[in-house]
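# Using only what follows, build the 3D model:
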Amino acid sequence: MAEYIPRRHVARWASELIAECQPDIEERIQRGALYRNLYLTGDENGNPATYPKTFAYIDTLASFFFSPVELRYLVKYHGGGNPTQRMMGRAASADLQELMTDAGVYSTISDCVEWSLVKGKTLLKLNWEDGGFAPYLIQPEFFGVLRPDIADLSRQDAFVHTTYYTPGQFARAFRALPNLGEIMRKVKNKGNRGSPDNRPDRANALKQIVLGGLNPFQQAGNSPATASSRGIVNWLGGPQATWDAKVLATLIRLDELWVKDAATDDWATFQMVGDVMVTGDGMIRNAFADAFDDENNLRRLPDAFRKNNPLSYMHPFVEFCPNRLEGYFWGRSEICNVGAMQMQINARLNGIARLLRRQENPPRIYAGSTALSQQKQSALDKPGGWFVDPTPNAKAQNLYPELPEGLWESLHELESMFDSMAGLPPVLQGKGSAGVRSQGHAETLTSNASPRFKDRALSVERSVAEVGSLALTMLRAMDPRTVVAWLKPDTTNPVAMMEPDDPTLEPPAPGMKQFPFKYWHLPDNTKVTVDSHSASPIFSREARDLIFALVKIGAMTPEDAIEHLHPAGEEEIIAETEAREIQQAALLKAHPEIALKLMEGGKGRRR
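Numbering: from 1, shown residues only. This next block holds a predicted model:
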């Protein structure tokens, strides 16, 4: 059910709801810091481990689940659409691909996948800023939900996103507010008042924990600390941002509360600094959909499109959760599978290192000597060092430790157990394996070992497709540019929706028709999918084999195959292929006897 939003005392109600969305924030911060340490350093305390195998595992797994190298979106319609709509979809998908690449959306998705494996769940927030996409990675420590037992964000009645601003950033972000000066004074006065007992309030404490790490934040200019063992400095571990104390003290915490309004079933947005309402006071609005209703934006739209807001009932957040956990919103970290094994490997390596160190520099026993001193002991430790002992029965003996048989076998066994828990057999790591007799045998083993990863790769793919659908909806609402689709000469082309921006634009192949359109002309049933599972390399070989098989039996045209395979110079190859087909069609139309001979020859070959 949705929340009832009061019409009075909204600020107090919103502040209470924000606190209700974050009851476990300190626990999740502590757990997230431990996962981060194990991932970046191989040690739960952040001390750099000798063999941080967890980092290599998470990095490999993230690359299995998402790789933007061959990613391609497919814009399509329910029922397939007509030829004109399909060409519009091809043009829209190519343009969408370019816009998202330039805006860094794919890089942000990669970060979301990586850190969702580490911490269980991350979110991507896709904003529209300065006429383009602006993606942001949201760590779970900066997010909260009203019902942590519900795993899907779409089923939540309320959630909150926390961000921090410097005063200058805050003023620029909200410069359009008519009462910005009054709000800045309230925020400043609230910060100056502090708490009655002069202790930092909960928001300031969380600011130091989240932004400055688990330990008290380190001020700039302090000498770098060293790790507790082996004298290794912190830069070998997982570095944290170092804040100047004055900058950290002036940061403004903004809580953006999203509530499902019971009256409209749409989202309502309230932005709060403590108990100060920045936006939303006395007005129920969806901040994400408001961008469409901006007067400057509506002025660009035809009358037929001004009434229906494509962004209504939507928010800009997309979840990434490869390891879903029923009854828990934040999912399960991949570190849970291998963290204990990483600590066992650390302990075994440290034990072997201590044993070998004693073998290199063993302790000594001196018998019958009374003249030994620390200075003489130091002389003995140097190459060619010596000293004279007048005692006739004096002798020295090295106490070498006994190296057990199979000293390294136990470490290799721990590594094997790590790989077993991770589900990474040698064939999935690009290594040879005993008993593999041929390429077909290796492909069979890879196919049998990969379903465990394919399930989670499909979960990531759904999130990637959701980002694409959200981006396309934002383009329909906000982008006034004209996109050109090119239709083949034999296509029954309806009257173009609008005049082209450039009538002299050269077609990619002779005779092709220019069909200009804007994103809001796309049908309402337009949807975005990931083409041929191209988001994940684990599907690449199977997808390619299927495409070649479809081309071989004539179920797919060469142009469609090129579009799905995405070779280098894809647009040029498609244009050349279409030009050859157009020329061939024109030749057969001018000389029908050639077509007849080809048909007869084909029948003869079939017999």
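# For Tyr366, grab phi and psi.
Backbone torsions for Tyr366, taken as degrees, to the nearest 10, come to phi -110, psi 130.
# If you could redo that for Gln156, that was the one I meant.
Recorded main-chain torsions at Gln156 are phi -80, psi 140, according to degrees, to the nearest 10.
# Gly331: how many residues sit nearby?
By the measure other CB atoms under 10 Å, the count of residues near Gly331 is 21. Just so you know, the C-beta spots here come from the backbone N, C-alpha and C atoms, and that holds for glycine as well.
# what do you get for Lys260?
A total of 22 residues lie near Lys260 under the criterion other CB under 10 Å.
# I'd say it and Ala2 touch.
Yes. The pair Lys260 and Ala2 qualifies as a contact (CB atoms under 8 Å) at a distance of 4.0 Å.
# so what sits against both of these two?
When contacts are counted by CB atoms under 8 Å, 6 or more residues apart in numbering, the set common to Lys260 and Ala2 consists of Asp157.
# Quick check: which element contains the most centrally placed residue in the chain?
Note on the chain: the residue nearest the mean C-alpha position is Cys112, at 1.9 Å, using CA atoms, centre = their mean. Following DSSP states H and E, one finds Cys112 within helix 105-119.
# quick one on the thing from earlier: you'd agree the residue nearest to the centre of the chain is up against Lys121?
No. Shown here, Cys112 and Lys121 do not form a contact pair, counting by CB under 8 Å, at 9.4 Å.
# For these two, list the residues in contact with both.
With contacts defined as CB under 8 Å, 6+ apart, the residues shared by Cys112 and Lys121 are Phe320.
# Where do the helices of the stretch 451-600 of the chain begin and end?
451-478, 540-552, 558-565, 570-590, 592-606 (DSSP state H, counting those that start in this stretch).
# sec struct for Ile365, please.
At Ile365, secondary structure determined by DSSP: H, G, I helix; E, B strand; the rest coil is strand.
# ok, it touching Ala396?
Yes. In this structure, Ile365 sits in contact with Ala396. The criterion is CB under 8 Å, and the distance is 7.2 Å.
# More neighbours: these two, which one.
Neighbours were counted for Ile365 and for Ala396 using other CB under 10 Å; Ala396 has more, 14 against 9.
# who's in contact with the more buried one?
If a contact means CB under 8 Å, 6+ apart, then Ala396 has Arg364, Ile365, Tyr366, Ala367, Ser369, Leu380 as its contacts.
# what do you get for Val318?
By CB under 8 Å, 6+ apart, the contact list for Val318 reads Leu123, Leu124, Lys125, Leu126, Ser463, Glu466, Val467, Leu470.
# where does the fifth one land on pLDDT?
In this case it means Ser463. Per-residue confidence at Ser463 stands at 95 (pLDDT).
# follow-up on the earlier one: so which of the contacts of Val318 is the closest to Arg358?
Checking those against Arg358 by CB to CB gives Leu123 as the nearest, at 50.5 Å.
# quick check: mean pLDDT across stretch 13-23?
For stretch 13-23, mean pLDDT is 92.
# Quick check: buried residues in that stretch?
Trp13, Ala14, Ser15, Leu17, Ile18, Cys21, Gln22 (16 or more other CB atoms under 10 Å).
# who touches it?
Stretch 13-23 is contacted from outside by 3, 5-6, 144-146, 158-160, 255, 257, 259, 270, 272, 274-275, 277, 280, using CB under 8 Å, 6+ apart.
# In contact with the residue nearest to the centre of the chain, which residues are there?
Taking CB under 8 Å, 6+ apart as the criterion, Cys112 is in contact with Thr122, Leu123, Leu124, Leu137, Phe320, Ser463.
# Then Tyr35?
Remark: with contacts taken as CB under 8 Å, 6+ apart, Tyr35 is in contact with Val118, Lys119, Ser333, Ile335, Gly339.
# Among those, give me the pair with the biggest separation.
Across these (CB to CB), the longest gap, 12.5 Å, separates Lys119 and Gly339.
# quick one: which of these two has more around it?
Neighbours were tallied for Lys119 and for Gly339 using other CB under 10 Å; the higher tally belongs to Lys119 (25 against 19).
# and the gap between the more buried one and Ile252?
25 Å (CB to CB, to the nearest Å).
# What of Pro390?
To Ile252, Pro390 is 78 Å away according to CB to CB.
# Have a look at those two and say which one is more surrounded.
Just comparing Pro390 and Ile252: by other CB under 10 Å the higher neighbour count belongs to Ile252, 22 against 8.
# beta partners of that one?
The residues listed as beta-bridge partners of Ile252 by DSSP bridges are Tyr165.
# From what I see, it and Thr162 are in contact.
No. Counting by CB under 8 Å, Ile252 does not reach Thr162; the two are 11.2 Å apart.
# sorry, back to before: need the contacts of Cys112 in TSV (columns: secondary structure and distance to Ile284).
Compiled in TSV, the contacts of Cys112 are given as follows (DSSP: H, G, I helix; E, B strand; the rest coil; distance: CB to CB, whole Å):
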residue	secondary structure	distance to Ile284
Thr122	strand	29
Leu123	strand	24
Leu124	strand	26
Leu137	strand	29
Phe320	strand	30
Ser463	helix	29
